[in-house]
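*Asks:* no FASTA, just this:
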């Protein structure tokens, strides 16, 4: 995705000239901001490390599993369907209540405010696997030592880079979108909900402090850590290993074993071949949960102008390595079957 148009400024009232906006904010992330990033990366990861011995002893109940699964699905779809496909790539339009719900749901993943997330990802697409990409695993070279270092950088190291992607440059549309901008500024509130909500539900469900504690551990910390590493694997694993089903100019690949936990994000090769496409798993047999939920939302009249796969355009980009046909959810097949629905809340 290309960057948004630059602003027009002038040195006086009579002469105006185009001044490119910087892609990196002049002020870097503060040490306290980087400390908070580390806190949200390391603490849930330590919880996962502790989860294995704890699972054999005490503290895991089906209450914790249910609460954790619900929060994982809501926050995961918030990232995949909301932050990524809707806000970053404009793959579909949606009613305001849906957009607000997606902004809140994505924030529950504790991966940063929606404006920060979108700005970083749009910059990633502009420079994918080239200089300027904030999290390419090929940053340091292509020999095994450089790639090992690059994988670590793409997975988690880039989060500690003090340089901040300019929101004014890469997402002026969301800055001007007052409801979504407000949801982005309320990110600390959504973090609190994500961390404390499961504990509150678990405590009330079990009617005990133990229920609250175990729900906080499993459904808050462990759940956040798992979703973090699934999301970060799209940056690292899916730009290094997997299948190239479509011709692309970068190293994006499809990784089947990540498809379900990532809600379809790991069909990353198609995504980079056609970034605005609402369905990433476009080939037959590729499970894409987010695309299915977008389709349900469209059927309900709460989403419209969905950019479903265009069969002739994508067929021309197929590498032919595995000779797989496109799946049923293409623009041509939906139009032929009368699958378009009149929006309710335009």
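*Replies:* Yep, it's here. Please read all numbers here as calculations on a predicted model, not as lab measurements. Residues are numbered from 1 along each chain as shown.

*Asks:* residues touching the closest residue to residue 61 other than its chain neighbours, list them.
*Replies:* Excluding its sequence neighbours, the residue lying closest to residue 61 (C-beta to C-beta, 6 or more residues apart in numbering) is residue 214, at 6.5 Å. The C-beta positions use only the backbone N, C-alpha and C, and glycine is treated the same way. Applying C-beta atoms under 8 Å, 6 or more residues apart in numbering to residue 214 gives the contacts 59, 60, 61, 63, 64, 202.

*Asks:* which of these has the most neighbours?
*Replies:* Scoring the contacts of residue 214 on neighbours with other C-beta atoms under 10 Å, the highest-scoring entry is residue 202 at 28 neighbours.

*Asks:* what pLDDT is listed against it?
*Replies:* With respect to pLDDT, residue 202 scores 96.

*Asks:* just checking, it touches residue 63?
*Replies:* Yes - using C-beta atoms under 8 Å, residue 202 is in contact with residue 63, at 5.8 Å.

*Asks:* joint contacts of these two?
*Replies:* Residues within reach of residue 202 and of residue 63 at once, by C-beta under 8 Å, 6+ apart, are 211, 214, 215.

*Asks:* now, which of these sits nearest residue 184?
*Replies:* Nearest to residue 184 out of the shared contacts of residue 202 and residue 63 is residue 215 (C-beta to C-beta; 27.3 Å).

*Asks:* what is the neighbour count of that closest one?
*Replies:* Counted with other C-beta under 10 Å, residues neighbouring residue 215 total 29.

*Asks:* how far away is it from residue 293?
*Replies:* To residue 293, residue 215 is 25 Å away according to C-beta to C-beta, to the nearest Å.

*Asks:* wait, which of the shared contacts of residue 202 and residue 63 is closest to residue 198?
*Replies:* Proximity of the shared contacts of residue 202 and residue 63 to residue 198 (C-beta to C-beta) peaks at residue 215, which lies at 4.7 Å.

*Asks:* what about the closest one, which helix or strand?
*Replies:* Under DSSP states H and E, the secondary-structure element containing residue 215 is helix 209-215.

*Asks:* quick one: buried residues of that helix?
*Replies:* Using 16 or more other C-beta atoms under 10 Å as the test for burial, helix 209-215 gives 211, 212, 214, 215.

*Asks:* same check, this time on stretch 280-294
*Replies:* 280, 281, 282, 283, 286, 288, 289, 290, 291, 292, 293, 294.

*Asks:* isn't the fourth one right up against residue 319?
*Replies:* Read it as residue 283. No - in this structure, residue 283 is not within contact of residue 319 by C-beta under 8 Å, at 11.3 Å.

*Asks:* how far does stretch 170-179 sit from its chain's centre?
*Replies:* Stretch 170-179 has its C-alpha centroid displaced from the chain centroid by 18 Å (C-alpha atoms, centre = their mean, to the nearest Å).

*Asks:* doesn't residue 241 lie inside a strand?
*Replies:* No - Residue 241 is assigned coil when assessed by DSSP: H, G, I helix; E, B strand; the rest coil, not a strand.

*Asks:* let's number from 40 now, not from 1
*Replies:* Okay, residue one is now 40; in that scheme the one you just asked about reads as residue 280.

*Asks:* now do the contacts for residue 157.
*Replies:* The neighbours of residue 157, taking C-beta under 8 Å, 6+ apart as the test, are 122, 126, 127, 209, 210, 213.

*Asks:* out of those, grab the one that's most surrounded.
*Replies:* Neighbour counts for these (other C-beta under 10 Å) peak at residue 210, which has 29 neighbours.

*Asks:* so that residue touches residue 156, yeah?
*Replies:* No - assessed by C-beta under 8 Å, residue 210 is found out of contact with residue 156, at 9.4 Å.

*Asks:* farthest pair within the buried residues of helix 248-254?
*Replies:* For the buried residues of helix 248-254, the farthest-apart pair by C-beta to C-beta is 251 and 253; their separation is 7.7 Å.

*Asks:* overlap in contacts of those two?
*Replies:* Residues touching both residue 251 and residue 253 by C-beta under 8 Å, 6+ apart: residue 241.

*Asks:* hmm, back to that, which two in the contacts of residue 157 are spaced the farthest apart?
*Replies:* Taking C-beta to C-beta as the measure, the contacts of residue 157 span a maximum distance of 13.6 Å, between 122 and 209.

*Asks:* circling back: immediately after the helix holding residue 254, which helix or strand?
*Replies:* Note on helix 248-254: by DSSP H and E, the next helix or strand toward the C-terminus is helix 262-275.

*Asks:* contacts for the strand or helix carrying residue 111?
*Replies:* In this structure, residue 111 is located in helix 101-116 according to DSSP H and E. Residues outside helix 101-116 that contact it (C-beta under 8 Å, 6+ apart): 144-145, 147-149, 233, 236-237, 240-241, 244-245, 250, 253-254, 256-259, 261-262, 265-266, 269, 300-302, 328-329, 332.

*Asks:* ok, the residue lying closest to residue 287 once chain neighbours are set aside to residue 99 distance?
*Replies:* Ranked by C-beta to C-beta, 6+ apart and with sequence neighbours excluded, the top spatial neighbour of residue 287 is residue 311, at 4.7 Å. Residue 311 is 39 Å from residue 99, where distance means C-beta to C-beta.
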